[in-house]
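In: Starting from these lines, generate the structure:
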Amino acid sequence: MATTSSLRSRRSIAQLQALAGVKSEIDAQDSRGRCKYLREFSEAFRSYQHVLTPQQVQDSVQAADIVLIGDYHALPAAQRYAGGLLEQRALAGDRPVVVGVESIFARDQHILDEWWRREIDEAELRRRIRFDVGWGYDWVPFFELLTTAREHAEAIYGLDCMPRGDFRRASLHDRHAAARISEIGKRHPNAAILVLFGESHLAPGHLPYLLRQNCPDKKLLTVLQNVDALYWRAAGESCNRVHAVRVSDDVICVFNSTPLEKYEHYRLCLDRWCETEQDAPDFSPAVYNLVHSLTRFLNINCYSPRNGTQPRFLIDSLPEVAAPPDDSAVRKALGARDQIGAEVSLRRLEERGSVYIARTNTLFVREFHVPFVAEEVARFLRYGCRGLPEKHPDGNTDEDATDRLYAQAIEDALSGLAARILCPVGTEHAQVTTGSDPEPAGCALGAALYDAYIQGKVSRTFLRRLFLVRLEEPGAARKIYLAACRKAGLPAAARLIAQ
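Out: Numbering: from 1, shown residues only. Next up, the predicted model:
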């Protein structure tokens with residue numbers, strides 16, 4: 001069995017490489033990470049007691065009077081997790097639920113109340129609370145949280161005060177929020193209070209300390225999300241997926257995203273704030289960072305001048321990255337011949353937010369989800385290593401239907417493998433049915449290859465060969481597919497395509 005250190009290394013190496021590039025760009029634009037207030041948060045949570053199951057997390061939340069949920073503002077998954085936790089807590093039915101949010105000023109409570117009573121619509125709420133100017137993060141996941149609160153909670157309150165963005169005054173915001181939460185508790189004495197607040201405010205000596213002073217009779221629970229140090233430490237656990245960990249008696253940490261996802265979303269926010277006149281977000285740096293991270297993991301030289309064990313000048317074959325406002329650009333890239341393939345690709349773009357089109361070597365990104373983009377990056381790399389054979393409209397028409405089936409299964413397996421390598425958390429939802437027959441077999445092989453790699457049974461050299469192998473000869477795809485299944489230890493019953 002693999003050791004804790006080897007598990008941690010295999011699960012983390014590719015993501016750490018990708019993360020280094022992202023964080024260097026962030027540090028160049030935002031130096032606030034070095035401030036004392038933020039350091040106090042990062043230094044407070046370095047280890048944990050034990051792993052928690054989802055049921056244990058739910059039990060801990062239900063036992064608390066006040067639940068502080070850490071919010072990484074740039075990460076939509078953080079707000080969506082809070083919404084799910086709110087709904088779950090309300091459906092328990094043992095007590096009413098009240099919600100507090102940092103992203104709305106207490107001074108704007110009357111506006112929030114008007115929306116709550118359905119006197120104003122979403123657009124007016126967003127404009128009057130000056131969400132885009134005063135907050136600046138994604139509106140959609142936050143509004144989903146508000147809508148969930150209106151459906152399931154007894155009330156929702158704004159908790160913040162001016163000014164924002166100055167961590168030298170963060171303690172003032174903590175004192176204001178603690179007083180506000182105390183007032184809410186008196187107004188709703190029987191309710192469970194769920195608070196979504198910036199994660200840095202949840203260090204033990206920050207907001208939790210003040211709340212214990214202001215609300216000594218309330219049981220407090222802090223729910224952190226995706227804390228870096230805890231995430232990397234949990235990568236050494238023997239289980240494939242760590243849902244959450246117990247940090248201390250009154251602190252837990254849940255994992256619903258990877259550090260790479262967090263910081264890629266923050267970089268996108270920084271780019272959006274700096275490029276106020278840009279029509280669409282520029283996903284190119286994030287996509288190319290994933291390409292380079294995957295090639296480094298596989299020891300593929302993007303600058304190799306000759307074909308053979310390396311693709312020739314892969315750096316010159318990097319895909320164009322586009323953010324299409326509608327489907328017309330995607331349909332044009334797909335061409336008019338394969339209508340079934342076009343519908344599959346468009347559905348993938350709709351469901352996943354991204355799709356790679358080999359015909360024009362274009363990676364379309366409408367929404368940036370690291371596991372899904374990583375899958376499309378792997379599809380590019382597979383074609384890129386073969387010299388982009390499908391870049392031209394005619395493609396290879398000599399392939400047998402069975403060969404195409406096996407080749408597609410290998411592509412699906414490598415895309416799922418890449419998603420797990422670059423984004424271990426959340427990849428159980430990464431692949432969705434797109435209507436192509438071989439995908440279930442490809443998904444099973446991708447998962448089996450990843451598990452075998454984590455256990456040390458499959459080397460990175462072998463995985464590299466799967467990206468580089470040529471499949472043009474009749475029967476080659478079937479041979480490679482079956483060899484990969486045997487190497488990964490995939491049970492015969494799971495090799496559906498081989499039957």
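In: Report the buried residues of stretch 326-336.
Out: Within stretch 326-336, the residues scored as buried using 16 or more other Cβ atoms under 10 Å are 327, 329-330, 333-334. Using the backbone N, CA and C atoms, a C-beta is placed for each residue, glycine as well.
In: so how far is it from its chain's centroid?
Out: The chain centre lies 27 Å from the centre of stretch 326-336; the measure is Cα atoms, centre = their mean, to the nearest Å.
In: How about stretch 477-487?
Out: Distance of stretch 477-487 from the chain centroid (Cα atoms, centre = their mean) equals 31 Å.
In: What are the contacting residues of it?
Out: Contact partners of stretch 477-487, identified using Cβ atoms under 8 Å, 6 or more residues apart in numbering, comprise 402-407, 409-410, 413, 445, 448-449, 452, 457-458, 462, 466, 469, 471, 495, 497-498.
In: what does stretch 182-198 give?
Out: In this structure, residues lying in contact with stretch 182-198 by Cβ under 8 Å, 6+ apart are 62, 64-71, 73, 79, 82, 85-86, 89, 95-103, 145, 153-155, 157, 159, 177, 181, 207, 211, 214-215, 218.
In: First-to-last residue distance for that stretch?
Out: Start and end residues of stretch 182-198 are separated by 18 Å (Cα to Cα, to the nearest Å).
In: Go through that stretch and flag the buried ones.
Out: Using 16+ other Cβ under 10 Å as the test for burial, stretch 182-198 gives 182, 184-185, 188, 191-198.
In: what is the mean pLDDT for that stretch?
Out: The average pLDDT within stretch 182-198 is 96.
In: Check the offset of the helix or strand hosting H173 from the chain's centre.
Out: Using DSSP states H and E, H173 sits in helix 170-187. Relative to its parent chain, helix 170-187 has a centroid offset of 31 Å by Cα atoms, centre = their mean.
In: continuing past it, what's the next helix or strand?
Out: Next in sequence after helix 170-187, counting helices and strands by DSSP H and E, comes strand 192-198.
In: what lines up beside that next one in the sheet?
Out: Strand 192-198 has these partner strands in its sheet, going by DSSP bridges: strand 66-71 (parallel), strand 97-105 (parallel).
In: okay if I get those strands as CSV plus mean pLDDT, distance to N301 and mean neighbour count?
Out: Formatted as CSV, the strands paired with strand 192-198 follow (pLDDT from 0 to 100; distance: least, Cβ to Cβ, whole Å; neighbours: other Cβ atoms under 10 Å):
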stretch, mean pLDDT, distance to N301, mean neighbour count
strand 66-71, 97, 41, 26
strand 97-105, 96, 46, 23
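In: May I see those strands organised as a markdown table, with distance to L260 added?
Out: What follows is these, written out as a markdown table (distance: least, Cβ to Cβ, whole Å):
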| stretch | distance to L260 |
| --- | --- |
| strand 66-71 | 18 |
| strand 97-105 | 24 |
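In: out of those, nearest to V370?
Out: V370 lies closest, by Cβ to Cβ, to one member of the strands paired with strand 192-198: strand 66-71, at 18.8 Å.
In: The closest one: how far from the chain's middle?
Out: Centre to centre, stretch against its chain (Cα atoms, centre = their mean), the figure for strand 66-71 is 20 Å.
In: Out of the buried residues of stretch 326-336, which is nearest to P319?
Out: A333 (10.8 Å).
In: picking that back up, next step: the buried residues of stretch 326-336 restricted to helices.
Out: Judged by DSSP state H, helices contain the following of these: 329-330, 333-334.
In: in the top helix by length along the chain, what counts as buried?
Out: For the chain, the helix reaching the highest residue count under DSSP H is reported as helix 4-29. Buried residues in helix 4-29, counted by 16+ other Cβ under 10 Å: 7-8, 10-15, 17-19, 21-23, 25-26.
In: Check the offset of that helix from the chain's centre.
Out: 15 Å.
In: name the helices or strands packed onto it?
Out: On a contact count with 3 or more Cβ pairs under 8 Å, 6 or more residues apart in numbering; DSSP states H and E, helix 4-29 meets helix 228-234, helix 259-274, helix 284-297, helix 401-422, helix 439-454.
In: Go again with 10 Å.
Out: helix 228-234, helix 259-274, helix 284-297, helix 370-385, helix 401-422, helix 439-454, helix 460-468 (3 or more Cβ pairs under 10 Å, 6 or more residues apart in numbering; DSSP states H and E).
In: Following element in sequence after it, please.
Out: helix 36-44.
In: same for the following helix or strand past that following helix, what does it pack against?
Out: Following helix 36-44 in sequence order, the next helix or strand is strand 50-52 (DSSP H and E). Contacts defined by 3+ Cβ pairs under 10 Å, 6+ apart place strand 50-52 against helix 54-63, strand 244-248, strand 251-254.
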